[in-house]
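Asker: Let me see the structure of the following:
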Amino acid sequence: MNKVVIIGGGWAGCAASIAAIKLGVSVVLIEKTDMLLGLGNVGGIMRNNGRYTAAEENIFLGRDELFDITDKFTLHKDIEFPGHKHAYLYDVTKIEPAVRKLILSLGVELKLQKRAIDVILEDDYIKGIVLDDGEIIYGDGFIETTGSTGPMGNCLKYGNGCAMCILRCPTFGPRISISQKAGVKDIVGMKKDGSYGAFSGSCKLNKDSLSIEIKNELEEKGVVLLPIPQEDIKREKLSKKVCQQYALDEYAENVILLDTGHAKMMTPFYPLEKLRKIRGLENARYEDPYSGGIGNSVRYLSIAPRDNTMKVKGIKNLFCAGEKSGLFVGHTEAIVTGSLAGYNSVRYVFNRELLKLPTDLAIGDLIYFVNKKMKTEEGLKDRYTFAGSTYFNRMIDKGLYTTNDQQIRDRVEKLGLLNIYNRI
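Answerer: Numbering: from 1, shown residues only. The predicted model follows:
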């Protein structure tokens, strides 16, 4: 049986696994840690702003499984917080086991705590992936979804040090770029000042470390805003974070908490002694990253050049998705790029023409737009998401943003793409 091998078990890797195995090939998913979903274990925001449109597009294209799971484990629906409407917040403490159960039930061969360290390459064609224990995983098509965060040395060099984030590089080893091992020169994102990378966009506080009043309000409403003392407001910090859709004054003037199972604090880091000056946070404790008073993980340090089918340039049978494929922000962005990469990897294996989603769809337009922008220095300093900033504005201008399910279905059907992911 033809085999697709996926390196990286975050949202993108899981989406690619589902898309590929549903089309009748054998799938191996390699993940270096002991958990799937990666940053999905500390994220939790879905369907806010244009992500609603993109999620529904992906569902009508034929891949609904992961959105069904996040919807099922949603704690709060249709909440609003500064700059964002109709957001869903899923429970990060329950999501990973449900996704793992689905992956295994579909017959995906899951290799946890197995780190890919090299490739076997022949004439720009990957024959196999070498693991750190010496095992070689051979395949016909390969998808890299290793992300762009870390490893620890990069967080030391471009950030404020290793913050021991959810990816746990010191425990499970550093991320290794498969595209670079195959001889491809990766792209590196930049901050506005021209330095490399960007800080991850939020921290998690233990809800039991909050005052009972704040905890109760958070669990009832899903969102709490706490004013920051005037002397501690630092507007310049807004430009440092990966999630530029949150670069609004409200995020400098307030501590904004969202209920995702943990208390998700919408800032990349915050000094603990200053955090505990705020009413109700006198006993606050970081859940992730553990050194969130000092820093957070650094992202966008390893992006593969690709075309708009998600195929890596220069390698015949390597695809990419998630942050490995561009300066994307968010779970929805990882899932939709992973779904396309998984689908096209199978089309490649069966020698079919690869699908390029049209720019009449928000998903296709985002993939096209980010690819175009990454070819410019200014574009490498921006971040792209359905939820805000540069790309959400483009969605609105192009008339792509809508929360009308029937309108989204009609758009997909008119393009002849309804349930396309379920057929070769």
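
Asker: switch to C-alpha atoms for all contacts and neighbour counts from now on
Answerer: Will do.

Asker: Look up phi and psi at residue 142.
Answerer: phi -130, psi 140 (degrees, to the nearest 10).

Asker: pLDDT wise, what is it at?
Answerer: Per-residue pLDDT puts residue 142 at 98.

Asker: and stretch 94-113, which residues are buried?
Answerer: 95, 96, 99, 100, 102, 103, 108, 110, 111, 112 (16 or more other C-alpha atoms under 10 Å).

Asker: Would you mind listing the residues in contact with residue 144?
Answerer: 6, 7, 8, 13, 178, 179, 318, 319, 320, 321, 324 (C-alpha atoms under 8 Å, 6 or more residues apart in numbering).

Asker: Show me which of those are buried.
Answerer: 6, 7, 8, 13, 178, 179, 318, 319, 320, 321, 324.

Asker: which of those residues sit farthest apart?
Answerer: Farthest-apart pair in those is 13 and 179; separation 15.2 Å (C-alpha to C-alpha).

Asker: In which helix or strand does residue 67 reside?
Answerer: In this structure, residue 67 sits in helix 65-72 according to DSSP states H and E.

Asker: rewinding a little: between the contacts of residue 144, which is nearest residue 91?
Answerer: So of the contacts of residue 144, ranked by how close each gets to residue 91 (C-alpha to C-alpha), first place is residue 13, at 20.0 Å.

Asker: Please name the residues that touch that closest one.
Answerer: 6, 7, 29, 143, 144, 145, 321, 338.

Asker: Of these, which belong to helices?
Answerer: residue 338 (DSSP state H).

Asker: Spatially, which two of the contacts of residue 13 are the most separated?
Answerer: Every pair of the contacts of residue 13 checked by C-alpha to C-alpha; the farthest is 29 and 321, at 13.8 Å.

Asker: Got the confidence number for residue 195?
Answerer: If you check residue 195, the pLDDT there is 85.

Asker: Just give the closest residue to it, not the sequence neighbours.
Answerer: residue 158 (7.7 Å; C-alpha to C-alpha, 6 or more residues apart in numbering).

Asker: how near is that neighbour to residue 143?
Answerer: For residue 158, the distance to residue 143 equals 27 Å [C-alpha to C-alpha, to the nearest Å].

Asker: Which one of these two is surrounded by more residues?
Answerer: residue 143 (30 against 18; other C-alpha atoms under 10 Å).

Asker: beta partners of the more buried one?
Answerer: residue 6, residue 319 (DSSP bridges).

Asker: Hmm, residue 342 and it touching each other?
Answerer: Yes. In this structure, residue 143 is within contact of residue 342 by C-alpha atoms under 8 Å, at 7.4 Å.

Asker: Next, show the common contact partners of these two.
Answerer: residue 16.

Asker: mind listing the helices for the stretch 151-300 of the chain?
Answerer: 152-158, 169-172, 178-181, 212-221, 249-253, 272-275 (DSSP state H, counting those that start in this stretch).

Asker: any chance of those in CSV, with distance to residue 378 and mean pLDDT too?
Answerer: Converted to CSV, the helices of the stretch 151-300 of the chain look like this (distance: least, C-alpha to C-alpha, whole Å; pLDDT from 0 to 100):
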stretch, distance to residue 378, mean pLDDT
helix 152-158, 19, 91
helix 169-172, 30, 94
helix 178-181, 24, 96
helix 212-221, 38, 97
helix 249-253, 23, 86
helix 272-275, 34, 95
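
Asker: the bottom helix or strand of this structure by mean pLDDT?
Answerer: Taking mean pLDDT, DSSP states H and E as the measure, helix 249-253 is the helix or strand of the chain with the lowest mean score, a mean of 86.

Asker: Show me the contact partners of it.
Answerer: Taking C-alpha under 8 Å, 6+ apart as the rule, helix 249-253 contacts 82, 227, 228, 230, 233, 234, 235, 237, 238, 266, 267.

Asker: so how far does stretch 379-386 reach from one end to the other?
Answerer: First-to-last residue span, stretch 379-386, C-alpha to C-alpha: 16 Å.

Asker: before we move on, what about stretch 136-151?
Answerer: From start residue to end residue, stretch 136-151 stretches across 23 Å - C-alpha to C-alpha.

Asker: Which segments of this structure make up each domain?
Answerer: 3-194+298-422, 199-288 (automatic domain parsing).

Asker: ranking those domains by burial, who's on top?
Answerer: Counting by mean count of other C-alpha atoms under 10 Å, domain 3-194+298-422 has the highest mean neighbour count of the domains of the chain, with a mean of 21.

Asker: for that one, how far is the first residue from the last?
Answerer: 18 Å.

Asker: beta partners for residue 76?
Answerer: residue 89.

Asker: okay but it is in contact with residue 88, surely?
Answerer: Yes. Between residue 76 and residue 88 there is a contact under C-alpha under 8 Å: 5.7 Å.

Asker: wait, what's in contact with residue 342?
Answerer: Residue 342 neighbours (C-alpha under 8 Å, 6+ apart): 15, 16, 17, 18, 19, 20, 143.

Asker: how much space between the last one and residue 367?
Answerer: Read it as residue 143. Plainly put, residue 143 is 16 Å away from residue 367 if you go by C-alpha to C-alpha.

Asker: try the second one
Answerer: As defined by C-alpha to C-alpha, residue 16 lies at a distance of 16 Å from residue 367.

Asker: re earlier: how about the CA coordinates for the helix holding residue 67, as CSV?
Answerer: Extracted in CSV, the C-alpha atoms of helix 65-72 (Å, rounded to 0.1, in the frame of the first residue of the first chain):
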residue,chain,number,x,y,z
GLU,A,65,-13.5,16.0,12.0
LEU,A,66,-11.2,18.3,14.0
PHE,A,67,-13.7,21.2,14.0
ASP,A,68,-16.3,18.8,15.3
ILE,A,69,-14.0,17.9,18.2
THR,A,70,-13.1,21.5,19.1
ASP,A,71,-16.8,22.4,18.9
LYS,A,72,-17.7,19.4,21.2
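
Asker: what does it rub up against?
Answerer: 15, 46, 55, 59, 88, 90, 95, 98, 99, 335.

Asker: can you give me the mean pLDDT across it?
Answerer: 98.

Asker: Quick one: end-to-end distance for stretch 156-171.
Answerer: 16 Å.
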